[in-house]
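Visitor: Sequence isn't available, so here's the structure alone:
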């Protein structure tokens, strides 16, 4: 039988990895290569479908990481049945 806790824990870890990847692609990578004349407030998304201000990507990755960590914490602290 499939254990839903294991599936949710794996999905939570994937959410955390996705959030960190978004952080690298949309926040850290563009900022580390900024030259004063090349800086723009809009960066392409990690998926290259649209551009958004850097604060959108920053807040999105924090939100994704917090959701994943919250799910993991819930199942870690929930008593075994």
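Guide: Arrived safely, thanks for sending. All values derive from a computational prediction rather than experimental measurement.

Visitor: what about residue 59, neighbour count?
Guide: For residue 59, the neighbour count with other Cβ atoms under 10 Å is 11. To be clear about C-beta, it is placed using only N, CA and C from the backbone, and glycine gets the same treatment.

Visitor: What residues of the helix or strand where it lies count as buried?
Guide: Element membership of residue 59 [criterion: DSSP states H and E] is helix 54-77. Buried residues in helix 54-77, defined by neighbour count with 16 or more other Cβ atoms under 10 Å: 57, 60, 61, 64, 65, 68, 71, 72.

Visitor: Residue 25 versus the fourth one, what's the distance?
Guide: Which is residue 64. 13 Å (Cβ to Cβ, to the nearest Å).

Visitor: Distance of residue 23 relative to residue 53?
Guide: Counting by Cβ to Cβ - residue 23 and residue 53 are separated by 15 Å.

Visitor: and residue 22, how many neighbours does it have?
Guide: By other Cβ under 10 Å, neighbour count at residue 22 equals 20.

Visitor: three-state assignment of residue 80?
Guide: coil (DSSP: H, G, I helix; E, B strand; the rest coil).

Visitor: For it, give its distance to residue 16.
Guide: 23 Å.

Visitor: Between those two, point out the one with more neighbours.
Guide: When residue 80 and residue 16 are compared for neighbours, residue 16 comes out ahead with 19 against 4, by other Cβ under 10 Å.

Visitor: Tell me who's in contact with the nearest residue to that one once chain neighbours are set aside.
Guide: Excluding its sequence neighbours, the residue lying closest to residue 16 (Cβ to Cβ, 6 or more residues apart in numbering) is residue 68, at 4.1 Å. By Cβ atoms under 8 Å, 6 or more residues apart in numbering, the contact set of residue 68 is 11, 12, 13, 14, 15, 16, 19.

Visitor: One more pass at 6 Å, please.
Guide: 12, 15, 16 (Cβ atoms under 6 Å, 6 or more residues apart in numbering).

Visitor: cool, residue 9 as well?
Guide: Taking Cβ under 6 Å, 6+ apart as the definition, contacts of residue 9 comprise residue 75.
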